[in-house]
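K.L.:
Just need the structure, nothing else, for what follows:
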Amino acid sequence: MTLSIDPKLFEECHILVVGDLMLDRYLWGDVKRISPEAPVPVFQVKNRSEVRGGAGNVVSNLIGLGAMVSVIGVRGADESGRRLSALMKHKNIRDLSIESSERPTITKTRIVSSGQQLIRLDEEEIKPISAEDVKEVTRLIDENFKEVDAIVLSDYGKGLLQSQGLTQAAIQIGRNHGIPIFVDPKGRDWERYRGATCITPNSREIEVYDGLPIENNDQLRSAMERTIGKLDLSWLLVTRGASGMCLMCKNCVPLFISTQARQVFDVSGAGDTVISTLALAVASKINYPDAARLANLAAGVVVGKVGTQPINLFELKTALRTTDATLNGYFHNKVFTQETALIQVEAWKANKQKIVFTNGCFDLLHPGHIHLLNKAKDLGQRLVVGLNADVSVTRLKGPTRPILNEQDRASILGSLDCVDMVVLFDEDTPENLIAMLKPDILAKGADYKIDQVVGREIVESYGGKVQLVEVLEGYSTTNIAKKVLQSSQTEFTNNQQQV
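P.N.:
You can find the predicted model right below:
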């Protein structure tokens, strides 16, 4: 079986996400002493970062895969709500969420030291939203369903979808107009999900709902059959952690999908990745079994990341192209979007690891590149490579470049032991990326002068350093390309003469 995706079809899809929006905040730092006031550790904050959480993580997964997203939820009239609203400003997001003075913005603050989460602080009021807000959210769904290809109901059990009237209204709108509705369920009361196209519980959730123990595949199949019948579902996808997934529809045998072996760092957010990938794949006309396999593959990528981080199209395409499971779990997890790179870099910094940054096009990787990257890595513990995207390379090098596309170039870089992260950027220079990541050291080849290094002033402004590293003479992608072209022309001429 060969899976494939067409990025253009993903880009043409518009998904409506309705659910519990949250602000995920991370405090990065370390613990060096015990408080003299009480026997508790003292956490010293070094850095902070914020991302879209809850249903917002579903949004992040969808835009990472290239889709257009409309999002409907409720946030508080507070500073966290304003921060969340700012995080929703993205070219592929249409934020239709409403502000409520009756509840705070759900905020989850994770305190992380040495790469480990010490504690999570939750600010929330778990209660159904007001009748007025139910009416407004229902109106927004009714006014915006016509342009969408699928609806995702992301229920975190915080109040929005606890209203059976609202949830059923969304499901009926979808059913009446042939729009598939995907639900990530929560709690024991699943009656409000009746008539959905597909729900995506984990194995523990369906066991609690069904009420009978699930200890083997036969018991799982029976529980799935009963659930499909009770709730009038078209499809049911159960995620099973290390055991993979099981997909089933009415009157069909279950499809068991095995997971790929890989190192697991964090399973948080994997369910969001599953429902996002599944919904988008189905919306782009991929059949359900293949859509589930894609979702399984995507989940395997995100569990290899630190914290709640979404999938992106590059990672999914790379995972699809890699048949070796060990290699698959190794290098494609090194490729990050700018949005997700910050969380990983902050985790490394909090673990007292020195971050080195270098950048380039790296078209036709040659020994000069390898030498530069290894020397750069020697300057610290983590090497981040800013990689010019294809559009950027073409502007800088001309219409015949790049020779290798950005996916191939990133994959090759990610396969190197010395490279810890690859981040694509569309601009001509990496200045914005450098300003965001704030590396400790900016490394460039010694064929530059210090005052010629792009980003020098940014790095030095916060106490970082610019370091020039020795280069291997005689290597150039341009010269290699010319040599290949000349060789081809010579071979063509010789063949013509022989004819």
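K.L.:
Cross-check the contact I'm expecting between residue 385 and residue 373.
P.N.:
Yes - between residue 385 and residue 373 there is a contact at 7.2 Å, judged by CB atoms under 8 Å. From N, CA and C alone the C-beta is placed, and that goes for glycine too.
K.L.:
The two: who's more crowded?
P.N.:
Legend: neighbour count by other CB atoms under 10 Å for residue 385 and residue 373, higher for residue 385 (28 against 24).
K.L.:
ok, that one to residue 396 distance?
P.N.:
16 Å (CB to CB, to the nearest Å).
K.L.:
Excluding its own residues, what touches stretch 464-474? List them.
P.N.:
Under the contact criterion CB atoms under 8 Å, 6 or more residues apart in numbering, stretch 464-474 has outside partners 367-368, 371-372, 375-376, 379, 438-448, 450, 453, 456, 459-460.
K.L.:
in that stretch, what's buried?
P.N.:
For stretch 464-474, the neighbour count (16 or more other CB atoms under 10 Å) marks 464, 466, 467, 468, 469, 471 as buried.
K.L.:
swap in stretch 410-428?
P.N.:
Neighbour counts over stretch 410-428 (16+ other CB under 10 Å) mark 410-414, 416, 418-425 as buried.
K.L.:
Report the two of those residues separated the most.
P.N.:
Distances among the buried residues of stretch 410-428 were taken as CB to CB; the most separated pair is 418 and 425, at 20.1 Å.
K.L.:
So, low pLDDT: which residues of the stretch 101-250 of the chain?
P.N.:
Across the stretch 101-250 of the chain, the ranges flagged by pLDDT under 70 are 115.
K.L.:
all helices of it, in order?
P.N.:
In the stretch 101-250 of the chain, the helices defined using DSSP state H, counting those that start in this stretch lie at 131-144, 164-176, 203-210, 217-231.
K.L.:
now for the second one, which elements pack on it?
P.N.:
The reference is to helix 164-176. Packing partners of helix 164-176 (3 or more CB pairs under 8 Å, 6 or more residues apart in numbering; DSSP states H and E): helix 131-144, strand 150-154, strand 181-184.
K.L.:
chain center to stretch 99-110: distance?
P.N.:
When distances are taken as CA atoms, centre = their mean, to the nearest Å, stretch 99-110 is centred 23 Å away from the chain's centroid.
K.L.:
Next, the distance between the ends of it.
P.N.:
End-to-end span of stretch 99-110 (CA to CA, to the nearest Å): 24 Å.
K.L.:
Name the residues that touch that stretch?
P.N.:
By CB under 8 Å, 6+ apart, the list of residues contacting stretch 99-110 reads 20-27, 53-54, 74-78, 80-81, 84, 117, 119-125, 127, 129-130, 133, 158-159, 307.
K.L.:
Out of these, list just those in strands.
P.N.:
Per DSSP state E, strands hold the following members of those: 21-27, 53-54, 74-76, 117, 119-123.
K.L.:
Helices - which of the buried residues of stretch 464-474 land there?
P.N.:
Within those, no residue falls in helices by DSSP state H.
K.L.:
With respect to residue 404, which of those is nearest?
P.N.:
Checking the buried residues of stretch 464-474 against residue 404 with CB to CB, the nearest one is residue 471 at 21.2 Å.
K.L.:
So for that closest one, what's the pLDDT?
P.N.:
Here the pLDDT value assigned to residue 471 is 82.
K.L.:
Extract the C-alpha set from stretch 4-16 and format it as CSV.
P.N.:
Listed next in CSV are the C-alpha coordinates belonging to stretch 4-16 (Å, rounded to 0.1, in the frame of the first residue of the first chain):
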residue,chain,number,x,y,z
SER,A,4,0.2,9.9,-1.0
ILE,A,5,-1.1,13.4,-0.5
ASP,A,6,-1.6,16.3,-2.9
PRO,A,7,-0.7,19.5,-1.1
LYS,A,8,-2.8,21.6,-3.5
LEU,A,9,-5.9,19.6,-2.4
PHE,A,10,-5.1,20.3,1.2
GLU,A,11,-4.7,24.0,0.4
GLU,A,12,-8.1,24.1,-1.3
CYS,A,13,-9.9,22.7,1.8
HIS,A,14,-11.6,24.9,4.3
ILE,A,15,-12.3,23.3,7.7
LEU,A,16,-14.6,24.7,10.4
